[in-house]
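S.K.: could you work out the structure for the sequence below:
(2 chains)
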Protein chains: 2
Amino acid sequence: MSTPCVRIADLAQYEGQSVQLQGWLYNRRSSKKMQFLQIRDGSGLVQGIVSKADAGDELFERAGAPGQEASLRVTGTVHADARAPGGFELRVTEVTEVGAATDYPLGKQAHGPDFLLSNRHLWLRSKRPTATLRIRDTIIRAIRDVLHRDGFINVDAPMFTPAACEGTSTLFDLDYFEDTKAYLTQSGQLYMEAAAMALGKVYCFGPAFRAEKSKTRKHLTEFWMLEPEMAYASLEDVMDLCESLLGEIAARVLNDNQRELVDLERDPAVLEKIVPPFPRMTYDEAAKILKDKTDFTYGDDFGAPDEEAITAGLDKPLLIHRWPHEVKAFYMKRDPNDPRWALGVDVIAPEGYGEIIGGGERATDLAFLEEQIEKHELPKEAFEWYLDLRRYGTVPHAGFGLGLERTVAWMCGLAHVREAIPFPRMMHRIYP
Amino acid sequence: MSTPCVRIADLAQYEGQSVQLQGWLYNRRSSKKMQFLQIRDGSGLVQGIVSKADAGDELFERAGAPGQEASLRVTGTVHADARAPGGFELRVTEVTEVGAATDYPLGKQAHGPDFLLSNRHLWLRSKRPTATLRIRDTIIRAIRDVLHRDGFINVDAPMFTPAACEGTSTLFDLDYFEDTKAYLTQSGQLYMEAAAMALGKVYCFGPAFRAEKSKTRKHLTEFWMLEPEMAYASLEDVMDLCESLLGEIAARVLNDNQRELVDLERDPAVLEKIVPPFPRMTYDEAAKILKDKTDFTYGDDFGAPDEEAITAGLDKPLLIHRWPHEVKAFYMKRDPNDPRWALGVDVIAPEGYGEIIGGGERATDLAFLEEQIEKHELPKEAFEWYLDLRRYGTVPHAGFGLGLERTVAWMCGLAHVREAIPFPRMMHRIYP
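M.R.: Below you'll find the model as predicted:
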């Protein structure tokens, strides 16, 4: 008789049958007569029960030998058990060690963040990182599905660029060939503007780089960014897309990752509230809220304490639009009703997660952009191709950038974005 | 009365109705009494007809003014026309120029590749690049859908790495912080091996970098690579996944991109033949085919002329497995039946597109890997984390890397991979 080899996630289909699992020993509790093996295989976690009376002395002893994170093939019968996490347990009839593990470094004691990050390749096997990466996967799929449904085409932006897009202070450069300098991309936006003129609605979704010296819980040197861009679109269109996208992300996580939210001790009620419409206010209105609350200076960008004061009591993201043009990028369109304002929008997540989206409407006028490039002392020749987009059939267009790790951290309730990416890169960390 | 603003792709839903399009003037044919405006909006192309008799002199003249690639809002009535590319044409009742375009650089004359690549930001608007990017989008979605359906989790690999994975000769390095060197990733595989031990089945799909000095039609310095990795899997499992994945990619392109294949003059019959199973042979068998055909030396890797000779007459990809271990990477598992062979597989596309996939089963034994790292003179300390995967619960595992641009080039029938990526990066090209 051949025993089917199955994944833990599929156990419900095999109730009452004998199956083989292939996984690792996550944990063990033992008494003189019983062994409880927690077995994980990447698809889930199940408890395997070895009773000395049923299994016999030899198997009971063999099942007690493997160390934490040893790899095992385990055969047993699937039994429904309402108390078990996945609803099933396995009554074990055979255990074979595939690969041993002695003194697994991540024991039951609490570890500091440095130790965990240096052992990220092993830490990934633990409950919280596994749950986080599954939710990250859900969020990536939700984003791509929503944009495809809405007619967007994925157009990848280049990683090597000839010039800075968002200012030179956080730029990584490298020697390309024959004394050429290349810069690692900080944003694919300018390229997406070109692509939107070709394909109408586009997005890139890939790594971006910032040589951030700040060691806050919101910064990585390497992060993933989604950047949709739409031709014939306005600031309003961008705000509507931000809203529907974030709403659908929360809904998908709630639908697909109930177990992971439990593992992360993340209250689903918090995510259930992320339903459009979201509150919107202008920078001017937001600044008024701050009066006498923080040391904010009118005209400046909001800092983290300002964002927290503005969003206090909110359980949905807040869209802040129409910013002083001085604090926004050179390519932003000015409000035709009041040229003090740039038609930008920041989306601030609740619970102190801060800015997760920045975007807006882009300037369409060639002369205005040439003037801005001069004012900002940017190298004009590097932007000639970008200016071509205004020379040949310029149209109103708009888009935004969403930081994936900040979104994952928010959905998962993580304390630091470094837990929201599989292998975080920070000022003092490029290993493993 | 408000006229609905619609996308060209949706025109079929508005037959007989008046609609407004927002797009660009792709091309124009005129006579004294008729203007035929080819209008594109990123979703498709439609012909707008302006008849002097119906439209009147003023509109007729106005419709004749905008240059190629001027942006336009065009109102008209949707009429079915079997001869039209999308099945519909627009009888134009109003034309408004949104943004002018004078002397658009990409005229009707033939341009050389350097000129086109320097104007890639505009070239994207042409029929072939647009069709290619749409097919690239389909292929990306097909890959992600197939892997999700099969239980894979997307785990992004880092771009900054502390050491080389595939040899140091084609490595880009850069100054990280405080005198640390970082290297741009050549492959996420080692990281995917760690992730597979946590999540069972994983994949990364992101940029990879090779400082390639070769100027062949198959090389880019920056390309996108899919790398699935499976725990408890063998070379056979990898070959089966290669087969089903490539089969589904071809089926999806055939289903979703009929119009784009026409635009690219790509014969769908070629793609219809890419149906599993694919032929499989060992390196040893492939080498025998070459006898007296090329100047191949037994034991070497196959060059492009060898690959073409081996796949001559085939209309499906060929899987070549069991390679001399000397030509494969240090982490490959040896064939237990004959240790001369590494359990690797290369997938060679037909029509001269060459290797699009390389993969295989990974070595599981700690002592063997330590020996290989020493033999290959690799810095052991940089691989300690990787060796941990064999110290703690090692399991049989396998995976592969698929080059996205080579796959896109093959599906689209392109002459060069540089057309298969939105903004190609090569030895002498990082602009725009």
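
S.K.: where in the stretch 51-200 of chain A is pLDDT low?
M.R.: Filtered on pLDDT under 70, the stretch 51-200 of chain A yields the residue ranges A:164-167.

S.K.: just the strands in it please.
M.R.: Remark: strands assigned in the stretch 51-200 of chain A by DSSP state E, counting those that start in this stretch are A:71-80, A:88-99, A:153-154, A:160-161, A:173-175, A:181-184.

S.K.: report all helices and strands that the fifth one contacts.
M.R.: To tie it back to what came earlier, the one meant is strand A:173-175. strand A:181-184, strand B:173-175 (3 or more C-beta pairs under 8 Å, 6 or more residues apart in numbering or on different chains; DSSP states H and E). The C-beta positions use only the backbone N, C-alpha and C, and glycine is treated the same way.

S.K.: got TSV for the strands of the stretch 51-200 of chain A, with mean neighbour count too?
M.R.: Converted to TSV, the strands of the stretch 51-200 of chain A look like this (neighbours: other C-beta atoms under 10 Å in any protein chain shown):
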stretch	mean neighbour count
strand A:71-80	19
strand A:88-99	20
strand A:153-154	24
strand A:160-161	23
strand A:173-175	15
strand A:181-184	20
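
S.K.: of these, which is nearest B:Tyr104?
M.R.: The closest of the strands of the stretch 51-200 of chain A to B:Tyr104 is strand A:153-154. By C-beta to C-beta, the value is 22.3 Å.

S.K.: anything in that closest one near chain B?
M.R.: Yes. Contact of strand A:153-154 with chain B (C-beta under 8 Å from any C-beta of the partner chain) involves A:Ile153, A:Asn154.

S.K.: from the chain's centre, how far out does that strand sit?
M.R.: Put simply, strand A:153-154 sits 19 Å off its chain's centre (C-alpha atoms, centre = their mean, to the nearest Å).

S.K.: tell me the strands beside that strand, with direction?
M.R.: With DSSP bridges as the test, strand A:153-154 is paired with strand A:201-209 (parallel).

S.K.: and the helix or strand just after the partner strand with strand B:71-80, angle?
M.R.: As assigned by DSSP states H and E, the chain's next helix or strand after strand A:201-209 is strand A:222-231. Strand A:222-231 runs at 70 degrees relative to strand B:71-80, counting by axes from the mean of the first three to the mean of the last three C-alpha atoms, to 10 degrees.

S.K.: same for strand A:222-231, what does it pack against?
M.R.: Strand A:222-231 packs on helix A:189-199, strand A:201-209, helix A:235-256, strand A:397-403, helix A:404-412, going by 3+ C-beta pairs under 8 Å, 6+ apart.

S.K.: if you set the cut-off to 10 Å instead, what comes out?
M.R.: Packing partners of strand A:222-231 (3 or more C-beta pairs under 10 Å, 6 or more residues apart in numbering or on different chains; DSSP states H and E): helix A:127-149, helix A:189-199, strand A:201-209, helix A:235-256, strand A:354-361, strand A:397-403, helix A:404-412, strand B:18-30.

S.K.: need those in JSON lines with distance to A:Ser71 and mean neighbour count, can you?
M.R.: Converted to JSON lines, the helices and strands packed on strand A:222-231 look like this (distance: least, C-beta to C-beta, whole Å; neighbours: other C-beta atoms under 10 Å in any protein chain shown):
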{"stretch": "helix A:127-149", "distance to A:Ser71": "16", "mean neighbour count": "21"}
{"stretch": "helix A:189-199", "distance to A:Ser71": "44", "mean neighbour count": "26"}
{"stretch": "strand A:201-209", "distance to A:Ser71": "32", "mean neighbour count": "25"}
{"stretch": "helix A:235-256", "distance to A:Ser71": "27", "mean neighbour count": "20"}
{"stretch": "strand A:354-361", "distance to A:Ser71": "38", "mean neighbour count": "23"}
{"stretch": "strand A:397-403", "distance to A:Ser71": "36", "mean neighbour count": "24"}
{"stretch": "helix A:404-412", "distance to A:Ser71": "28", "mean neighbour count": "26"}
{"stretch": "strand B:18-30", "distance to A:Ser71": "57", "mean neighbour count": "19"}
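
S.K.: any weak-confidence spans in the stretch 301-432 of chain A?
M.R.: In the stretch 301-432 of chain A, no residues with pLDDT under 70.

S.K.: write out the residues of it neighbouring chain B.
M.R.: By C-beta under 10 Å from any C-beta of the partner chain, the part of the stretch 301-432 of chain A that sits against chain B consists of A:364-366, A:381-386, A:388-396, A:404-405, A:421-432.

S.K.: now for A:Ala195: which residues touch it?
M.R.: By C-beta atoms under 10 Å, 6 or more residues apart in numbering or on different chains, the contact set of A:Ala195 is A:153-157, A:188, A:201-204, A:229, A:231, B:42, B:121, B:124-125, B:129-130, B:133, B:422-423.

S.K.: again with A:Phe400
M.R.: Applying C-beta under 10 Å, 6+ apart, we find A:Phe400 in contact with A:189, A:203, A:225-230, A:238-239, A:241-242, A:245, A:344-347, A:357-360.

S.K.: now A:Leu174
M.R.: Going by C-beta under 10 Å, 6+ apart, A:Leu174 touches A:160, A:180-184, B:172-175, B:182, B:184, B:209, B:211.

S.K.: let's see 7 Å
M.R.: When contacts are counted by C-beta atoms under 7 Å, 6 or more residues apart in numbering or on different chains, A:Leu174 touches A:Ala182, B:Phe172, B:Leu174.

S.K.: output the residues you listed as CSV; include the columns distance to B:Arg252.
M.R.: CSV is the format used below for those (distance: C-beta to C-beta, whole Å):
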residue, distance to B:Arg252
A:Ala182, 34
B:Phe172, 33
B:Leu174, 37
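
S.K.: quick check: phi and psi on A:Ala211?
M.R.: phi -80, psi 70 (degrees, to the nearest 10).

S.K.: hmm, it is touching A:Thr170, no?
M.R.: Yes. Between A:Ala211 and A:Thr170 there is a contact at 4.7 Å, judged by C-beta atoms under 7 Å.

S.K.: in the stretch 1-150 of chain A, what residue lies closest to chain B?
M.R.: Scanning the stretch 1-150 of chain A for the residue nearest chain B gives A:Gly42, at 2.4 Å (criterion: C-beta to the nearest C-beta).

S.K.: excluding its backbone neighbours, what's nearest that residue?
M.R.: Among residues not flanking A:Gly42 along the chain, B:Gly200 sits closest, at 2.4 Å (C-beta to C-beta, 6 or more residues apart in numbering or on different chains).

S.K.: burial of the one you found, as a residue count?
M.R.: For B:Gly200, the neighbour count with other C-beta atoms under 10 Å in any protein chain shown is 28.

S.K.: my guess is it meets A:Arg40, correct?
M.R.: No. Contact between B:Gly200 and A:Arg40 fails when scored by C-beta under 7 Å: they sit 8.8 Å apart.

S.K.: how about A:Met332, phi and psi?
M.R.: Torsion angles at A:Met332 (phi, psi; degrees, to the nearest 10) stand at phi -80, psi 140.

S.K.: re earlier: so which of the helices and strands packed on strand A:222-231 is nearest B:Arg7?
M.R.: Nearest to B:Arg7 among those is strand B:18-30; the distance by C-beta to C-beta comes to 7.9 Å.

S.K.: any idea of the mean pLDDT for that closest one?
M.R.: In this model, strand B:18-30 carries a mean pLDDT of 97.
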